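Colleague: sequence unknown, structure follows:
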């Protein structure tokens, strides 16, 4: 039997990092998780136990911290590009580096009506994420949002879908639309005002979700993606994934009560999963 | 061998509930998890398989939804009291009902500079909680906060602790203090402005955490609890639990770099756990 | 306003520990999580920022590792007792120590029909746990099981419960009974063959769950507890908590199919929660 | 601005299913999670809010249960193929269906030395998984294992890797090798004895992990994959992902104790991630 190594990839995952920047009047705080993956001439470590070309994953972790010291870390995208660059410059046999970044949100506390100089409150489960893929000739930057809960209580319908012998769902012209947004967008360049563009895309996605008269989750998703591409010209492509997290109207009739769309069961499972990628022509 | 039933307790857990209130100009939204526990004359269901006095836990769930339809659900405390009351009025052999409530936070979206009438963004992992314990003669209300991440980047020291042969921790006069606050407070009455008091206690705890010159997590916790008791006279007792979630300074010296308290590893485990209960004399 | 410190408690949580014992013919492996809580004269650390009596939680972690080196760690109960003892002997102002232990299960791999000398497979999500509470005069040992999934497909009924205007659940004489068992039992002594007793209690609980003709979760729980007290005379009391994790029969009639108790939806929420403590008279 | 819909995909996720098969002498039990994704002519639902071609995700759930009633469900692969087939036969505009399956393990209880006819114990966190991708002309079957914890206490070294100014890891010729295995293999056919092949691959992977004299995680992973391809000729390709979950030797020297590779800290983060795909030539 002949066997061949097809793909291989290794690195360090879940490198946790806090970067504190001490300004005269305030401290800035970033907390992130970094995953490093190196691509290159590592095949003999798999096939022959030859470790001579292996960068220990522990060393990758050290480099992540060293670069964090030297980089301002204003935006995760910039740090990720610098980190990928460091791997390529330092190791000639590495052909490409992929850096995954996930930033935990901390909001500055408002105390006595003013922003506090050094105290922060956790901003929730949503994460700002980025993926950098850097080769010797090019750098690709993808940014995104993960796990952002959104809910609108009206302006959402779902009717006119296929009705056959397996269909029990009723048409509705007014339902709760709840989701947990994940979005990833691809930049056409690696020189972008990362923070400004992130804020713009995020704000646009949320605003369209709010004002869209939804005929389906699919239609709202498309409108959100289209608006994001319109808002930030640095973006070439955007992928959205929106679970449809159902709120089921409770039947209170057995208890002699009506339920004019007031009391619902929020169900975790099962859920619809709607996803699409939109790109600029 | 003689065996006796010592304690017994049963009920329905994780009843998820969405309550939508439709005002002319806006919708209000509450989402919560309810756990019901009934105490009473249920012993023979355990010892003899006699189900004749059992309220099915499915029935408890139905009652939770029915009461949610009839109650404004402005605050979880009020709803919990009404729900406990319903169990006691409806079932003569129930001696007490405990209701646990956990509210998921949804913040109204700001869209175009104004609060949106029907769109909400998930407010994070923190939960507003309450526990109602109602007997035939009295009702006790405990309210609280769970899992609220807080972090201050300075004004926190830890030194002068016991130093012996098992001690390797160094004294520090400036460290990051990160925690995930849990607080529970007990009301002296069951007629309180629940929402106002909750906001006041929450704001007070956060503000003291921010401004306190901390000599230890213990001291800061005490100052927070003392201030909360001072802020809201309806509270008789408060319990605080604050994990000390360490940020460890990374040693960059092997890589020829200094680290003037800028780059840290946030560690999930192990963590210190500091807790105390304070009460009014 | 006068405020007083009512209770206080602190310690180190989530100290993870692997203990490897190298026998001539095989290796033994234990992995556990340890939580330490110290009780004693620490009030002024809260009220005055006086750290002079504080044992740093980092020091507690060091002691947990040092004792693990010196103790055979055959059973978590024995190690917990030794660790609590170390705290009391070493620190005169500590009045009591509580040690929580949770052991991750690793099963020796069977390879080529024989137990492998040094390879292990993860044994699932269930945990063997213990809690040691040691004062200057006494030691209490509680042992237990957490998160052990159990399911029987028949021999479980539920009928004859209260039927009123809030009841929609139907009587059943044959349902799936699924639960995730948690059990805690209290030893009458601190000199017990811990491992043997644990195995006996565990086996007894599972066997009774299997063979019991269940009229309710309450009745089965009681039978399990009664049998456990009968099986191990070192136990004075046992507490069982058994969520009723429903399997709901799917209605296939709309699709022209019957469903003779074959296809169910396993639901995570809501769930019934049945609990009781039994003791020897 | 011109925008185009690039990819789109939707379906139902987390359809939970229990299938009970009632034999004369015993009951068999399967519990699984099913995710359905349909590919096809759904573009106008995104771009125009035209729902006329949409299969409601609720309908997909209904079909999953109906097919589960009619299929023996001996193996998840067979059920997934039947389910995908049902979607293609029933909906002419669906071009392909992807079915993801994840089976929860239940082991039959041994009670009184014999297998119990209807009682089961949860088999742990590992999952048997499969992915079916069926078009109008072909069906691809991928099977696998997720989250299977493995640990060997010796026969694992790591040395001779790149040593530069960022390297602090020491060479070792004897370390603990702990991982949580994920494996996915691709069948060359859609008519395979699924259960037999799954057991063979699983057993082979575990056995090689145990007996391999490991010079690196990479080398062991390769040996495992090579043996799996050798063991089951129906497999054309296998992908393995093995996090390196470090056990760090505790330095007990400050406490006057040696530590001859006996006491370790099992760390959850960060971890190495080693992955590769092997295929038959």
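Modeller: Structure received. Worth saying up front: this structure is predicted, and the values here are computed from it rather than measured.
Colleague: domain-wise, how is chain A divided?
Modeller: A:10-137, A:148-279 (automatic domain parsing).
Colleague: out of the ones you listed, nearest to chain C?
Modeller: The closest of the domains of chain A to chain C is domain A:148-279. By CB to the nearest CB, the value is 5.6 Å. Backbone N, C-alpha and C define where each C-beta goes, glycine included.
Colleague: how about the closest one and chain B, any contact?
Modeller: Yes: among the residues of domain A:148-279, A:148-155, A:176, A:180, A:206-207, A:209-211, A:247, A:250, A:252, A:254-255, A:257, A:259, A:261-268 lie within reach of chain B under CB under 8 Å from any CB of the partner chain.
Colleague: chain D next: which of the residues you listed are close?
Modeller: Within these, those near chain D by CB under 8 Å from any CB are residue A:268.
Colleague: list the ones among the residues of domain A:148-279 next to chain B that fall in strands.
Modeller: Among the residues of domain A:148-279 next to chain B, the members falling in strands (DSSP state E) are A:148, A:149, A:150, A:151, A:152, A:180, A:247, A:263, A:264, A:265, A:266.
Colleague: widest-spaced pair of the residues you listed?
Modeller: Distance extremes for those: the farthest pair is A:148 and A:263 at 25.7 Å, using CB to CB.
Colleague: which of these two has more neighbours?
Modeller: Neighbours were counted for residue A:148 and for residue A:263 using other CB atoms under 10 Å in any protein chain shown; residue A:263 has more, 24 against 21.
Colleague: for chain C, what are the nearby residues on the stretch 101-250 of chain A?
Modeller: Counting by CB under 8 Å from any CB, the residues of the stretch 101-250 of chain A near chain C are A:165, A:166, A:168.
Colleague: not counting its neighbours along the chain, what's nearest the first one?
Modeller: Excluding its sequence neighbours, the residue lying closest to residue A:165 (CB to CB, 6 or more residues apart in numbering or on different chains) is residue C:255, at 6.4 Å.
Colleague: then the last one?
Modeller: Residue nearest to residue A:168 in three dimensions, not counting chain neighbours: residue C:254, with 5.6 Å by CB to CB, 6+ apart.
Colleague: among the residues of the stretch 101-250 of chain A next to chain C, which are in helices?
Modeller: Among those, none falls in helices (DSSP state H).
Colleague: give me the longest helix you can find in chain A.
Modeller: Under DSSP H, chain A gives helix A:194-211 as its longest helix.
Colleague: hmm, back to that, got the domains of chain A as a markdown table, with mean pLDDT columns?
Modeller: Compiled in a markdown table, these are given as follows (pLDDT from 0 to 100):
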| stretch | mean pLDDT |
| --- | --- |
| domain A:10-137 | 97 |
| domain A:148-279 | 98 |
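Colleague: got a markdown table for those domains, with distance to residue B:236 too?
Modeller: Shown next, in a markdown table, are these (distance: least, CB to CB, whole Å):
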| stretch | distance to residue B:236 |
| --- | --- |
| domain A:10-137 | 27 |
| domain A:148-279 | 33 |
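Colleague: kindly reformat the residues of the stretch 101-250 of chain A next to chain C as TSV containing neighbour count.
Modeller: Formatted as TSV, the entries for these read as follows, by neighbours: other CB atoms under 10 Å in any protein chain shown:
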residue	neighbour count
A:165	13
A:166	22
A:168	14
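Colleague: just those residues now: which is nearest residue A:56?
Modeller: So of those, ranked by how close each gets to residue A:56 (CB to CB), first place is residue A:166, at 54.4 Å.
Colleague: would you agree residue A:58 is in contact with residue D:171?
Modeller: No: applying CB atoms under 8 Å, one finds residue A:58 not in contact with residue D:171, separated by 11.7 Å.
Colleague: so if I had to pick from the two, which one is more boxed in?
Modeller: More neighbours surround residue A:58 than the other of residue A:58 and residue D:171, with 19 against 12 (other CB under 10 Å).
Colleague: which one is that one nearest to, not counting chain neighbours?
Modeller: residue D:169 (4.0 Å).
Colleague: ok, now which ones touch that neighbour?
Modeller: The neighbours of residue D:169, taking CB atoms under 8 Å, 6 or more residues apart in numbering or on different chains as the test, are A:56, A:58, A:59, D:161.
Colleague: list the buried ones in the strand ranked longest in chain A?
Modeller: The longest strand of chain A (DSSP E) is strand A:114-135. With burial defined by 16 or more other CB atoms under 10 Å in any protein chain shown, the residues of strand A:114-135 counted as buried are A:116-134.
Colleague: that one to strand B:114-135, inter-axis angle?
Modeller: Using axes from the mean of the first three to the mean of the last three CA atoms, to 10 degrees, the direction of strand A:114-135 lies 110 degrees away from that of strand B:114-135.
Colleague: packing partners of strand A:114-135?
Modeller: strand A:27-40, helix A:76-90, strand A:94-111, strand A:139-152, strand B:114-135, strand B:139-152, helix B:194-211 (3 or more CB pairs under 8 Å, 6 or more residues apart in numbering or on different chains; DSSP states H and E).
Colleague: kindly reformat the ones you listed as JSON lines containing distance to residue D:221.
Modeller: Formatted as JSON lines, these follow (distance: least, CB to CB, whole Å):
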{"stretch": "strand A:27-40", "distance to residue D:221": "15"}
{"stretch": "helix A:76-90", "distance to residue D:221": "22"}
{"stretch": "strand A:94-111", "distance to residue D:221": "19"}
{"stretch": "strand A:139-152", "distance to residue D:221": "27"}
{"stretch": "strand B:114-135", "distance to residue D:221": "36"}
{"stretch": "strand B:139-152", "distance to residue D:221": "37"}
{"stretch": "helix B:194-211", "distance to residue D:221": "47"}
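Colleague: looking at the ones you listed, which is nearest to residue D:38?
Modeller: strand A:139-152 (24.2 Å).
Colleague: check which residues of that closest one are buried.
Modeller: A:139, A:141, A:142, A:143, A:144, A:145, A:146, A:148, A:149, A:150, A:151, A:152.
Colleague: let me know the closest of these to residue D:80.
Modeller: Residue D:80 lies nearest to residue A:146 out of the buried residues of strand A:139-152, by CB to CB, at 28.1 Å.
Colleague: sorry, back to before: can you pull the contacts of the residue nearest to residue A:165?
Modeller: A:165, A:166, D:62, D:66.
Colleague: what's the closest of those residues to residue D:231?
Modeller: Nearest to residue D:231 among these, with distances taken as CB to CB, is residue D:66, at 36.2 Å.
Colleague: run through the residues that contact that closest one.
Modeller: A:166, C:252, C:255, C:257, D:86.
Colleague: pretty sure it is in a helix, no?
Modeller: Yes: secondary structure of residue D:66 (DSSP: H, G, I helix; E, B strand; the rest coil): part of a helix.
Colleague: and it, how far from residue A:266?
Modeller: If you measure residue D:66 against residue A:266 using CB to CB, to the nearest Å, the figure is 26 Å.
Colleague: same question, residue A:3
Modeller: Distance, residue A:3 to residue A:266, using CB to CB: 49 Å.
Colleague: ok, now residue A:22?
Modeller: 43 Å.
Colleague: for chain D, what's its nearest residue on the stretch 101-250 of chain A.
Modeller: residue A:215 (3.6 Å).
Colleague: thought residue D:54 was touching that residue, still the case?
Modeller: No: applying CB under 8 Å, one finds residue A:215 not in contact with residue D:54, separated by 10.3 Å.
Colleague: what sits against residue A:91?
Modeller: A:38, A:40, A:55, D:162.
Colleague: let's go with 7 Å and repeat that
Modeller: residue A:55 (CB atoms under 7 Å, 6 or more residues apart in numbering or on different chains).
Colleague: with residue A:96 instead?
Modeller: A:39, A:133, A:134, A:135 are the contacts of residue A:96 under CB under 7 Å, 6+ apart.
Colleague: quick check: closest non-adjacent residue to the last one.
Modeller: Using CB to CB, 6+ apart and skipping the chain neighbours, the partner closest in space to residue A:135 is residue A:96 (4.4 Å).
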